[in-house]
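Asks: Got a predicted model here, sequence first, then my questions.
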Amino acid sequence: MNTFFTCEQKLGNTIFTFSQKAKVLSTSPLNGGLTRHLSHAVNINCMNGSYECKMLGDTYEKDLAAHVHALGLSPSCTTALSTAAWTELRAIEEVCFRDLTVTAVVTGGIDSNGMHPGDPASYYEEDGNYEMPLPGTINIFLFINQNLTDTAMSRALMLCGESKAAAVSQLLLGSCYSEEIATGSGTDGIVIASNLCGTRTLTDASGHSKLGELIGKSVKSAVKQALLNQTAASGPRQFLLSARTARYKITPATLWEFYIEYREIFNNFKISFEMPSLLEQKFLTHNRTSNLVLCVSLYLHLMDQVRWELIMEPEAIREGKHLLIYGLYWKDGDFFEKAYPAKAWEQPGLLHFSLKEQLMYLLLLYIAI
């Protein structure tokens, strides 16, 4: 058990108290950077009773200081992160090796603010002013019971971020701002604390070191559990047609728009949807059809690889079409190729379809059966 810190819940916030002198590396504007004088770290729930973020100061640093002061702590000796997630739903993962103990405490939810590096920005800071982004944050508090050099602390911060990104991407959570797989949110924060009074000093937190392994394991596990606790993000939640296609904006609404635009092609095969609600109903009927979810997931990865310039679009279109026609089950053990005559795949209008449009076309053929 990691006795380097204690944890208590107060007024919806989590207060971490260091039992011994701590070296802290924090991304917070309140006593951020590398410090050696802090006694506390706090995870603040910034939501008020109407479920809106409430600022207690005219800057983020002053806001955090006001929250900390209200909890009876000294802002000069405390670092803090804020979140719209419920701090009571925090996940704790502790791993040990010999006399080394690493504890990750994480809160998180990124359904409204998931991002991938390089996504379009939400604001530009000018003279200290900026717009408040949508709520959605992963906060990581990492406690290490041994002393770390400054260099090792920096490396631990990097590995912490990598571990968080790996956990989010393994859940295939989409960015809210692009077609990419998210790696976190735009407001994530990290606090790393090591014990200045530890029995040994560690100089290496790389992925090859035992410390790095423990950081990776604890953070990945805690991030996944926190997202599960807060938003039910998990394999079962993600194993839905709607979840897999959402980041490409393929929804019943966009499928309806596509159907209206190319209605003449669909009418050739006696396919019609009288209203958007009927199309949505058919779409949701197949939301958990496992063969469909699996085939579409593989197809979407072709789309990812085209965007990443790992494969060429003509080859992806050819193989993606082959995957869905000969990989999707129809009925009575037959594949999708039996559902329509060959000319359904040879329409002249299909020749200019992009990889995404081809998927939408085949999805509409499928759900119309």
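Replies: Yep, that arrived.

Asks: And stretch 162-175, how far out from the chain middle?
Replies: Chain-centre distance of stretch 162-175: 5 Å, with CA atoms, centre = their mean, to the nearest Å.

Asks: Worst mean pLDDT across the helices and strands of this protein, which element?
Replies: Using mean pLDDT, DSSP states H and E, the weakest-scoring helix or strand in the chain turns out to be strand 114-115, at a mean of 76.

Asks: which strands and helices sit next to that one?
Replies: Packed against strand 114-115 by the contact rule (3 or more CB pairs under 8 Å, 6 or more residues apart in numbering; DSSP states H and E) you find strand 184-185. The way it works is simple: take the backbone N, C-alpha and C, and place the C-beta from them, glycine included.

Asks: can we see that at 6 Å?
Replies: On a contact count with 3 or more CB pairs under 6 Å, 6 or more residues apart in numbering; DSSP states H and E, strand 114-115 meets no helix or strand.

Asks: Check which strands are paired with it and give the direction for each one.
Replies: strand 184-185 (antiparallel) (DSSP bridges).

Asks: Adjacent strands (with direction) for the lengthiest strand in the chain?
Replies: In the chain, with assignment by DSSP state E, the single longest strand is strand 100-109. Paired with strand 100-109 in the same sheet, following DSSP bridges, are strand 91-97 (antiparallel), strand 137-144 (antiparallel).

Asks: Which positions within stretch 205-217 qualify as buried?
Replies: A205, S209, L211, G212, E213, L214, I215, G216 (16 or more other CB atoms under 10 Å).

Asks: and that stretch, what's its mean pLDDT?
Replies: Mean pLDDT, stretch 205-217: 96.

Asks: repeat for stretch 256-263
Replies: Mean pLDDT, computed over stretch 256-263, is 95.

Asks: Give the bridge partners for F16, please.
Replies: Beta-bridge partners recorded for F16 (DSSP bridges): C7, A41.

Asks: Next: Y329.
Replies: F335.

Asks: Which per-residue confidence value corresponds to it?
Replies: So Y329 comes in at 88 (pLDDT).

Asks: That one: neighbouring residues, count only.
Replies: Residues within reach of Y329, counting by other CB atoms under 10 Å, total 15.

Asks: For Q281, see how far away it is.
Replies: In this view, Y329 and Q281 are 21 Å apart by CB to CB, to the nearest Å.

Asks: What of A22?
Replies: Separation of A22 from Q281 (CB to CB) stands at 57 Å.

Asks: Same question for C295.
Replies: 21 Å.

Asks: which one of those two has more residues nearby?
Replies: Between C295 and Q281, C295 has the larger neighbour count (other CB under 10 Å), namely 21 against 13.

Asks: wait, what's in contact with the more buried one?
Replies: Neighbouring residues of C295 by CB atoms under 6 Å, 6 or more residues apart in numbering: L324, G327, L328.

Asks: Name the nearest residue to K338, ignoring sequence neighbours.
Replies: W330 (5.5 Å; CB to CB, 6 or more residues apart in numbering).

Asks: L73 now?
Replies: H40 (5.4 Å).

Asks: same deal with L38?
Replies: Closest to L38 by CB to CB, 6+ apart is V24, at 4.9 Å.

Asks: ok, and the one you found, which helix or strand is that part of?
Replies: Element membership of V24 [criterion: DSSP states H and E] is strand 22-26.

Asks: contacting residues for K224?
Replies: Taking CB under 6 Å, 6+ apart as the test, what K224 contacts is A167.

Asks: host element of it?
Replies: Per DSSP H and E: helix 210-231 holds K224.

Asks: before we move on, the earlier item: isn't the residue nearest to L73 up against S74?
Replies: No - using CB atoms under 6 Å, H40 is not in contact with S74, being 8.1 Å away.

Asks: Tell me which of the two has more neighbours.
Replies: Set H40 next to S74 and count neighbours by other CB under 10 Å: H40 wins out with 21 against 12.

Asks: Confirm that T187 sits in a helix.
Replies: No - using DSSP: H, G, I helix; E, B strand; the rest coil, the secondary structure at T187 is coil, not a helix.

Asks: Just the pLDDT for the nearest residue to it once chain neighbours are set aside.
Replies: Take T187 and drop its neighbours on the chain: the residue closest to it by CB to CB, 6+ apart is T137, 4.6 Å away. At T137, the model reports a pLDDT of 90.

Asks: Any figure for the gap between T137 and L171?
Replies: Taken as CB to CB, the span from T137 to L171 is 16 Å.

Asks: Settle it for me: which of these two has more neighbours?
Replies: Using other CB under 10 Å, the more surrounded residue of T137 and L171 is T137, with 25 against 20.

Asks: Check the gap between the more buried one and H208 for me.
Replies: 30 Å.

Asks: Next: F269.
Replies: For F269 relative to H208 (CB to CB), the value is 57 Å.

Asks: what pLDDT does the nearest residue to C46 once chain neighbours are set aside get?
Replies: Nearest non-adjacent residue to C46, counting by CB to CB, 6+ apart: S82, 4.2 Å away. The model reports S82 with a pLDDT of 93.

Asks: still on that earlier bit, if we look at the least confident helix or strand of the chain, which residues are touching it?
Replies: L173, S175, C176, A182, S185, G186.
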